[in-house]
Structures are given as C-alpha cells and as structure tokens.
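Colleague: No sequence on hand, only this structure:
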C-alpha cells in the first residue's frame, strides 16, 4: 500500500487559467473527459521561461485547438487551490499539492467553428458558452473559491463585453 504524500511538503504547480469570453460576455467552459460532469475553463502549467500570456495562448491551442484570443487583463494576485485528499498523490505524478494560478481574461477572436477539442492530447469531450452567473454551478467544489474570485475580479471586463 503506497503512503499518501505529506501535503505540507508539496509545492503548488505554477499555472495559468484562461477565462475566454465571447463577444456577448459569455464564458467558455469545457467538460473534462476524465471526470463525470466536471466542467472548467482552460488552464495549465506555465513552462520554464514562458510568460503568463504565452502560456495562456499555448494552453488554449493545446486544449481547445485554437489560440485565437486577445488577452485583456490578468488577475492582480495569484490564486491557489488545494487538491482534495482523494486526488493528492494521484494527479501530476504526485508532485504538487494544488495549483497557484494567474488568471487571464481573453476575448475570443475566432468563430465557434475554430474550436476543436480533438487535440493531440484531448482533455475535454464537450464545450459551451455560459453566462458568468451560471459558471460556478458547473465547477467542482474544490475549485469554486478560485472561480468566484476570478469572476469578481473580471466582472468589469465581462460587463464591458456584454454592453458592447
């Protein structure tokens, strides 16, 4: 039987999250292939030597098949979440306790047809645009506080797009 890692001894994974917004101020979310009914915004690790904006556009391309986006702003502070106990030591080869994320708000500059989840390493099996008010109802509980903080910080951006 393998020993569960000591949470306190594990670092946070440096990560970028992307709130991709369409022209109506709706948020892109996709359903994870590996977890039933787990929806999320695109996110992923920041590679060494990569800027937050470079990582965001790369992650979009890797996860949703297109990098057609204009980055509008990013969170003032990094946001963290811890993995729940049942995932600790199982994801990311057990190297991280959770993620420390910089979130960017980005305006989608493509067409819906540009989005293609059949990427080289597919993470999602469905996607949709949702109103910001409906976002947190779709998210796994351990990520909700981060999503609530992102929504609060990016509310002015969302409101501007909806009013345009």
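Modeller: Yep, that arrived. Since the model is a prediction, treat every value here as computed from it, not as a measurement. Numbers count the residues shown, from 1 in each chain.

Colleague: SS state for residue 76?
Modeller: Applying DSSP: H, G, I helix; E, B strand; the rest coil to residue 76 yields a three-state assignment of coil.

Colleague: Let me see the contact set for it.
Modeller: By Cβ atoms under 8 Å, 6 or more residues apart in numbering, residue 76 lies in contact with residue 153. (Each C-beta comes from the backbone N, C-alpha and C, glycine too.)

Colleague: Okay, now the unreliable bits of the chain?
Modeller: Along the chain, the parts satisfying pLDDT under 70 run over 1-4.

Colleague: which residues in it form helices?
Modeller: Counting by DSSP state H, one finds helices in the chain at the ranges 52-64, 144-163.

Colleague: which one of these is the most hemmed in?
Modeller: Mean neighbour count (mean count of other Cβ atoms under 10 Å) peaks for helix 52-64 among those, with a mean of 20.

Colleague: which helices and strands does it pack with?
Modeller: With contacts taken as 3 or more Cβ pairs under 8 Å, 6 or more residues apart in numbering; DSSP states H and E, helix 52-64 sits against strand 12-21, strand 27-32, strand 43-45, strand 69-74, strand 98-108, strand 124-130.

Colleague: out of these, nearest to residue 164?
Modeller: Closest to residue 164 of the helices and strands packed on helix 52-64 is strand 98-108 (Cβ to Cβ; 9.9 Å).

Colleague: hang on, the earlier thing: so which of the helices of the chain gets nearest residue 105?
Modeller: Per Cβ to Cβ, nearest to residue 105 of these: helix 144-163, 4.5 Å.

Colleague: For the closest one, report the contacting residues that lie outside it.
Modeller: 17, 19, 21-25, 27, 41, 72-73, 75-76, 79-81, 101, 103, 105, 107, 132, 135-136, 139.

Colleague: And it, how far out from the chain middle?
Modeller: 14 Å (Cα atoms, centre = their mean, to the nearest Å).

Colleague: quick revisit: next, format the helices of the chain as JSON lines and append distance to residue 123.
Modeller: Below are the helices of the chain laid out as JSON lines (distance: least, Cβ to Cβ, whole Å):
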{"stretch": "helix 52-64", "distance to residue 123": "6"}
{"stretch": "helix 144-163", "distance to residue 123": "17"}
